[in-house]
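# Got a sequence here, can you model it:
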Amino acid sequence: MAIIRTYRENEKNELQFREAWYQQFENEDLGQFVINHGTVGHQSKTSTVQDVDMDRADELFAGFLEQCAEDGYAEIPAEQQSWIIVQYALKSATGTERDRYLEHKASDALTSHLAWRGLGTVESSDFARFKLNLRILSPAPKLAVAAVKVCIREAKLDFTKMTIATAAYDGLDRAKVVHPLPPKPFSLD
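As a prediction, this is how the structure comes out:
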């Protein structure tokens, strides 16, 4: 399922997003074309076109991109976005089955929460020595950090063992802790 994400700043300097994807369900010839849009950081609005085949989906993608260009929306290259790293302290060096469950649950919760608000995508996760790292790529890091805190609390994941850091796209090795404060030394390793 390919997703096209576009952004623009409106006259109030608010970052807005508009995205589209085609979703075809297993064992079905037709799918749905989905358009999701809103102000970054706020719950989006969604509309769908049902019973769409691949050829019609291609036409709808072309029309979507054309309309986005006319309205001043454009994709933001990854290099112009920022990393949000959600890190959990673990009790074992390599992680346990419970930690793998945490990785899955946190990744799913963050993916959904951030995507519906145009705040970014969970790009990867890994286990380092006594740590679980979840990497999020975001066009709006300050808003994404606030949303991560809300999401983790709502998902009832352990908020007390979590550290959040931010970094420029090309500066993961220079990530700075933004939660909890005061900041402590941070490493992905």
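# Give me the below-cutoff pLDDT ranges for this protein.
1 (pLDDT under 70).
# Please repeat the previous calculation with a cut-off of 90.
For the chain, the stretches flagged by pLDDT under 90 are 1-2, 24-29, 54, 91, 94-95, 158-161, 181-185, 189.
# what about the helices in it?
54-70, 97-115, 141-154 (DSSP state H).
# on contacts alone, who are the packing partners of the longest one?
Packed against helix 97-115 by the contact rule (3 or more CB pairs under 8 Å, 6 or more residues apart in numbering; DSSP states H and E) you find strand 82-89, strand 121-128, strand 131-138, helix 141-154. Any C-beta I mention is one placed from the backbone N, CA and C, and that applies to glycine too.
# Deepest-packed of the helices of the chain, please.
With neighbours defined as mean count of other CB atoms under 10 Å, the helices of the chain peak in mean count at helix 141-154, which reaches a mean of 18.
# so it versus strand 131-138, what angle?
If you take axes from the mean of the first three to the mean of the last three CA atoms, to 10 degrees, helix 141-154 sits at 130 degrees to strand 131-138.
# tell me the angle of helix 141-154 relative to strand 82-89?
Using the same axes, to 10 degrees: helix 141-154 against strand 82-89 is 30 degrees.
# Show me the contact partners of helix 141-154.
Helix 141-154 is touched from outside by 40-41, 82, 84, 86, 106, 109-110, 113-114, 117, 119-120, 136, 138, 159, 162, 164, 166, 178-179, with contacts defined as CB atoms under 8 Å, 6 or more residues apart in numbering.
# which of those residues count as buried?
40-41, 82, 84, 86, 106, 109-110, 113-114, 117, 119-120, 136, 138, 162, 164, 166, 178-179 (16 or more other CB atoms under 10 Å).
# phi, psi of the spatially most distant residue from the centre of the chain?
In the chain, counting by CA atoms, centre = their mean, Asp29 sits farthest out from the average C-alpha position, at 29.2 Å. Dihedral angles of Asp29 (phi, psi; degrees, to the nearest 10) stand at phi -80, psi -30.
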